[in-house]
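Novice: okay, here's the prediction I keep looking at, along with the sequence it came from:
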Amino acid sequence: MATATLIERTEDAKGDYFAIKSTRCATTFSNNIRNNNGFLRRSQYPDLPDRRDMQFMQNGRKVFKEVLPLVSRHIGDHMGDEGLQAVDLKRLWLHQANKSMNDFIGKKVLGRTPEPGEQPNILQDYANTSSAGSIIAFHKYSGDLSSGDIGVICSFGAGYSVGSVIVERVTT
């Protein structure tokens, strides 16, 4: 799955659009998700014995316990630095890897259980689309927002890396 977004200068925008208010990214190293050079070794040396230990490795329980607070804190800090509070958000478009993860993050960021419209889920339609999921969710569930409404697009993944974009709906 691949996605693309068109970003243009405000003065070139035609019609309604979303203004990028702020962006932020961060990476924290973790051994709980990694590739032990397996794919590179197998392509370079095809006669090597099958070494499963050299493949992608993930300690799912530790990832869950470490990534969720990291992402929640990242979004909260990003919002705080921009002078935003949970009540200012109309929508969260999150990485679509796991509904339980999104529910946890939404609850931490908003301070309550999100309403379905506040944190759309596309997993039932597309499954895990990796980091593309937040943009797919944004595309499908952003047209109903009014001018001045603010939302956060956030994806996260291996490493641990997280990126967030605060956007505001502008109607002309």
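Specialist: On my side now, so go ahead. Residues are numbered from 1 along each chain as shown.
Novice: alpha carbons only for contacts and neighbour counts from here, please
Specialist: OK.
Novice: which residues of the chain fall in helices?
Specialist: If you assign secondary structure with DSSP state H, the helices in the chain sit at 38-44, 60-81, 99-110, 123-126, 132-140.
Novice: what are the contacting residues of the third one?
Specialist: Spelled out, that is helix 99-110. In this structure, residues lying in contact with helix 99-110 by C-alpha atoms under 8 Å, 6 or more residues apart in numbering are 64, 68-69, 71-73, 75-76, 86-87, 92, 94-96, 112-114, 119, 121, 123.
Novice: ok, 6 Å please
Specialist: Contact partners of helix 99-110, identified using C-alpha atoms under 6 Å, 6 or more residues apart in numbering, comprise 72, 86, 113.
Novice: quick check, nearest of those residues to residue 60?
Specialist: Distances from the contacts of helix 99-110 to residue 60 were compared by C-alpha to C-alpha; the smallest belongs to residue 72, at 17.9 Å.
Novice: what pLDDT does that closest one get?
Specialist: Model confidence at residue 72, given as pLDDT, is 96.
Novice: so it versus residue 6, what's the distance?
Specialist: With distances taken as C-alpha to C-alpha, to the nearest Å, residue 72 is found 27 Å from residue 6.
Novice: when these two are compared, which one has more neighbours?
Specialist: Here residue 72 and residue 6 are set side by side on neighbour count (other C-alpha atoms under 10 Å), and the busier one is residue 72, at 19 against 4.
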